[in-house]
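> Using only what follows, build the 3D model:
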Amino acid sequence: MTELLLRLFVKDYRSTKSSAVHLSIGKLAGMTGIVCNVLLFLGKLAVGLIAGSVSIIADAVNNLSDAASSVVTLLGFRMAQQPADSDHPYGHARYEYLSGLVIAALIFLIGGDLAKTSFQKILSPAAVEFSAAVFIVLLVSICMKLWMSAFFRSLGRRIQSTTLEATSVDSRNDVIASLAVLAGCLTEYFFHINVDGYIGLVVAVFILYSGFGIARETVSPLLGKRASQELVERISQLVLSHDKVLGIHDLLVHDYGPGQCFASLHVELSADEDPLVCHDIIDDIECDVLEELNVHLVIHYDPVVQNDEEWNEMRSIVEEIIHELDPQLSMHDFRIARGAKQTKLVFDLAVPYSMTGQHKELKKKIDEALIKRKKEYITVIHFDGKA
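Now for the predicted structure:
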């Protein structure tokens, strides 16, 4: 069904890196969500009012909130496609994340109101009339929401959209909520135990939990969430695949929204290479990363001395020392600064965030280890954080 809808409504839908395809898939997801959720809302509201069930009405209103969320998703995708301007040189793709926050706010408001209504129903219970219509509507809702969850998850993964991934999770949660409502109706019908208010309260809590999850998923990239390990590995592998690249470090990825990913990286090349050749290599790497991963990469060139005996010896010794201190530590940008009175070992030390605050202690231990090895150097260490 997903492939059929894509073929019918999205031109060239396999070109997921295209901004036009990204927008079209987002519009398809939004319209599908609106149509399906409005139909579910009308059906549940009708049987909920007839049966006098607050839990069914709560579930219906939950579907209405999902329809409103789909409208916000549509607007978010549309606004995210605005081109870059003088005030927003990196584009407007983060509107997609902001639409997720609006969806979360709507869910919180509706969930809070439903919790209040359900609590009142617990205090003043009333019988629920169970019928074949109630059973059919809830069963159809469960099946439709299962399909919607899979549909949104598939689209979200195709275009790497956290908003659609969150919508998929929300639809999955709706399946659980509808199952709970159905279980409540069956319990009262067969065992004459009125749990309608309690089920409605459970559904309301579930709605609130869903809103919290969506808010968390959309706030995280806005705050500067680290890149996925998969993307880091793909960038690293692509850069290291170039023959003359000796090593890489300090990879930073900046997410400005779907399709607007920027990164910076230090690449180590031999100091013996012609600078013009190194420039061409770096240009090729940046073009390859943009073409294959849709990431705008900026590379800092680090020349590495390879034919200096003192440099090779001291680099090896320092690497051995820091590995003995902690295997999680790593070094880069190592160089020797020779002066009239003293010689300095200058390098960057990548330290896990869990060891933040231990920089002075680490430097002291490295200095002591060098003295034990009778190496009279002054160390100048620049500390970098890493996960």
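> what ranges of the stretch 251-387 of the chain fall below the confidence cut-off?
Across the stretch 251-387 of the chain, the ranges flagged by pLDDT under 70 are 387.
> what element comes up after the helix or strand where residue 41 lies heading to the C-terminus?
Element membership for residue 41 (DSSP states H and E) is helix 19-51. Sequence-wise, the next helix or strand downstream of helix 19-51 (DSSP H and E) is helix 54-80.
> and that following helix, what's its mean pLDDT?
Here helix 54-80 scores 80 as its mean pLDDT.
> The nearest residue to residue 306 once chain neighbours are set aside and residue 119, how far apart?
Sequence neighbours aside, residue 270 is the residue nearest to residue 306 in space, at 5.6 Å (criterion: Cβ to Cβ, 6 or more residues apart in numbering). C-beta coordinates here come from the backbone N, C-alpha and C atoms, glycine included. Distance, residue 270 to residue 119, using Cβ to Cβ, to the nearest Å: 71 Å.
> I figured residue 328 hits residue 353, correct?
No: counting by Cβ atoms under 8 Å, residue 328 does not reach residue 353; the two are 10.5 Å apart.
> Tell me which of these two has more neighbours.
residue 328 (13 against 8; other Cβ atoms under 10 Å).
> Next, the more buried one: secondary structure please.
Using DSSP: H, G, I helix; E, B strand; the rest coil as the criterion, the local structure at residue 328 reads coil.
> Show me the strands in the protein, by range?
Assigned by DSSP state E, the chain shows strands spanning 247-255, 261-270, 295-304, 330-338, 343-352, 378-386.
> Not counting sequence-adjacent ones, nearest residue to residue 335?
Distances taken as Cβ to Cβ, 6+ apart place residue 346 nearest to residue 335, at 5.2 Å, with adjacent residues excluded.
> my guess is that neighbour meets residue 377, correct?
No: using Cβ under 8 Å, residue 346 makes no contact with residue 377, being 9.9 Å away.
> From residue 190, how far out is residue 21?
In terms of Cβ to Cβ, residue 21 sits 51 Å off from residue 190.
> Neighbour count: those two, which is higher?
Comparing residue 21 with residue 190 by neighbour count (other Cβ under 10 Å), the higher total belongs to residue 21, at 19 against 9.
> Quick check: pLDDT value at the more buried one.
Listed pLDDT for residue 21 reads 86.
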